[in-house]
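Peer 1: Return atomic coordinates for the entry below.
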Amino acid sequence: MKALHFGAGNIGRGFIGKLLADAGIELTFADVNQAVLDALNARKEYPVHVVGEQALVEIVKGVDAINSTSEEVISKIAQVDIVTTAVGPQILERIAPGIAKGLAKRSDSGNSRPLNIIACENMVRGTSQLKVQVLNALPAQYHDWVEAHVGFVDSAVDRIVPPSESASNDPLEVTVETFSEWIVDKTQFKGQLPQIPGMELTDNLMAFVERKLFTLNTGHAITAYLGQLNGHKTIRDAILDGKVRAIVKGAMEESGAVLIKRYGFDPAKHAAYINKILGRFENPYLKDDVERVGRQPLRKLSAGDRLIKPTLGTLEYHLPHPNLVTGIAAAMHYHSDQDPQAQELAALLAEKGPQDALAQVSGLDSKSEVVADVVKAYNAIK
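Peer 2: Now for the predicted structure:
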């Protein structure tokens, strides 16, 4: 089996790419970072530091790389069996035209073997969104062929991969936590279901997508925003602050109540899942910066993301949400000189004030009770 993976960054190398290569799949990375591409092609392998109580270094072998803007990408897509991505939600739109050209070439060359495409991004139904962008870029005469031969498979991914602090300045070295979870929608595959260790097949993906979004992502973001407000530099330092921890855990319990109502999750098992995630945030071997985790606050405050979506769920089921409200207010105070979204949010708040700015970013009704609650919390933080 052959695979093309878009994104040779830390998540691409440390998570999805590693699982594919470990499964014996012939793997090519596609990226625009020439230093990383050159190193991958020169060495054909790279080290992954798995950190936790049982720390170890694993060598991922037998890989190569191409530039994601090159014609080689088109030829690869015409030949491989699986395409995966870990590029970030904003970049999917940029790689869609190349994928479309590759699918056209695959059809023209008479390759009717099933191809499955899986976007492994921090977003809800990311592959379905990528499919829309690919079809928009693909001439209409290929659409029926794509529907017959190409599976666009949604997934939920979970592994904390902070920036590597390599003492050797190795551009390929990556650090990951022990925990990983890659859950894919088995109803969307074309052809035989792949057997890849570390990939879990399900016919109820949304339950797992929202469990991860409402728990890991919600908790991680609120830890970052409250951590920054309280002068902490890392996620570990923030979650070890009792006041921060109480709000983070409370927010995850509020979002968890939505999941229990919506999907029938077992309350005791979900409480254990929350505690496991809090333990992951405490991992002393992961130096994860609160500023990095908090980046892109406009996206994280949007209607379908980790702060507003669970809050909408509490409104739907008439459940309390004071800790989620505090988390949203903290996100509105996030600042970073390196993040354009943080600066855009600050400008929007200065121009419109917290009530109208939040309504614009989140889609919430500016006159709603929940917006009033957030504004009150926002002003209290000031």
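Peer 1: ok, and the closest non-adjacent residue to residue 48?
Peer 2: Leaving out its chain neighbours, the residue that sits closest to residue 48 by C-beta to C-beta, 6 or more residues apart in numbering is residue 58, at 4.9 Å. In short, each C-beta sits where N, CA and C put it, glycine included.
Peer 1: where does that neighbour fall, helix, sheet strand or coil?
Peer 2: strand (DSSP: H, G, I helix; E, B strand; the rest coil).
Peer 1: Just to check, it is in contact with residue 46?
Peer 2: No: in this structure residue 58 lies outside contact range of residue 46 using C-beta atoms under 8 Å: 9.8 Å.
Peer 1: how near is residue 319 to residue 50?
Peer 2: Taking C-beta to C-beta, to the nearest Å as the measure, residue 319 falls 38 Å from residue 50.
Peer 1: nope, residue 338 is what I meant
Peer 2: Distance of residue 338 to residue 50, computed by C-beta to C-beta: 28 Å.
Peer 1: and what of residue 281?
Peer 2: For residue 281, the distance to residue 50 - C-beta to C-beta - is 17 Å.
Peer 1: which of those two has more neighbours?
Peer 2: Higher neighbour count among residue 281 and residue 50: residue 281, with 24 against 19, using other C-beta atoms under 10 Å.
Peer 1: Could I get the buried residue list for stretch 81-99?
Peer 2: 81-89, 91-92, 95-96, 98-99 (16 or more other C-beta atoms under 10 Å).
Peer 1: For residue 201, state which of those is nearest.
Peer 2: Relative to residue 201, the closest of the buried residues of stretch 81-99 is residue 82; by C-beta to C-beta it sits at 13.9 Å.
Peer 1: Any idea what that closest one is bridged to?
Peer 2: Taking DSSP bridges as the rule, residue 82 bridges to residue 3, residue 116.
Peer 1: Now do it against residue 348, distance only.
Peer 2: For residue 82, the distance to residue 348 - C-beta to C-beta - is 40 Å.
Peer 1: And for residue 274?
Peer 2: In terms of C-beta to C-beta, residue 274 sits 32 Å off from residue 348.
Peer 1: what do you get for residue 17?
Peer 2: For residue 17, the distance to residue 348 - C-beta to C-beta - is 37 Å.
Peer 1: More neighbours: which of those two?
Peer 2: Counted by other C-beta under 10 Å, residue 17 and residue 348 do not tie: residue 17 has more neighbours, with 29 against 18.
Peer 1: Spatially nearest residue to the more buried one (excluding sequence neighbours)?
Peer 2: According to C-beta to C-beta, 6+ apart, the nearest residue to residue 17 is residue 5 (5.1 Å).
Peer 1: How about residue 291?
Peer 2: Nearest to residue 291 is residue 336, by C-beta to C-beta, 6+ apart, at 5.3 Å.
Peer 1: Was I right to think that neighbour contacts residue 296?
Peer 2: No: using C-beta under 8 Å, residue 336 makes no contact with residue 296, being 9.7 Å away.
Peer 1: mind checking the SS state of residue 49?
Peer 2: Under three-state DSSP, residue 49 comes out as strand.
Peer 1: can you count the residues close to it?
Peer 2: If we define neighbours as other C-beta under 10 Å, then residue 49 has 17 of them.
Peer 1: same check, this time on residue 102
Peer 2: Neighbours of residue 102 (other C-beta under 10 Å): 24.
Peer 1: try residue 295
Peer 2: There are 18 residues near residue 295, going by other C-beta under 10 Å.
Peer 1: mind listing what the closest residue to it other than its chain neighbours touches?
Peer 2: For residue 295, ignoring the flanking residues on the chain, the nearest one in space by C-beta to C-beta, 6+ apart is residue 339 at 4.7 Å. By C-beta atoms under 8 Å, 6 or more residues apart in numbering, residue 339 lies in contact with 291, 294-297.
Peer 1: And residue 339, how close does it get to residue 198?
Peer 2: Noted for residue 339: a distance of 31 Å to residue 198, by C-beta to C-beta.
Peer 1: Tell me the backbone dihedrals of residue 217, please.
Peer 2: Dihedral angles of residue 217 (phi, psi; degrees, to the nearest 10) stand at phi -70, psi -40.
Peer 1: Just say helix, strand or coil for the closest residue to it other than its chain neighbours.
Peer 2: Leaving aside its sequence neighbours, residue 217 sits nearest to residue 306 (C-beta to C-beta, 6+ apart; 3.9 Å). Following three-state DSSP, we place residue 306 in the coil state.
Peer 1: Which residues are in contact with residue 306?
Peer 2: The contact partners of residue 306, by C-beta under 8 Å, 6+ apart, come to 213-214, 217-218, 220-221, 300.
Peer 1: Next one: it, what pLDDT does it get?
Peer 2: We have a pLDDT of 96 for residue 306.
Peer 1: can you check residue 166 too?
Peer 2: 52.
Peer 1: now the strands for this structure?
Peer 2: 2-6, 26-31, 45-51, 56-61, 63-67, 82-85, 115-119, 150-153, 155-158, 174-177, 181-185, 199-202 (DSSP state E).
Peer 1: Need those strands in TSV (columns: mean pLDDT and distance to residue 265).
Peer 2: Putting the strands of the chain into TSV (pLDDT from 0 to 100; distance: least, C-beta to C-beta, whole Å) gives the following:
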stretch	mean pLDDT	distance to residue 265
strand 2-6	98	32
strand 26-31	98	35
strand 45-51	93	29
strand 56-61	94	33
strand 63-67	98	38
strand 82-85	98	28
strand 115-119	98	25
strand 150-153	98	23
strand 155-158	93	15
strand 174-177	90	23
strand 181-185	96	14
strand 199-202	96	14
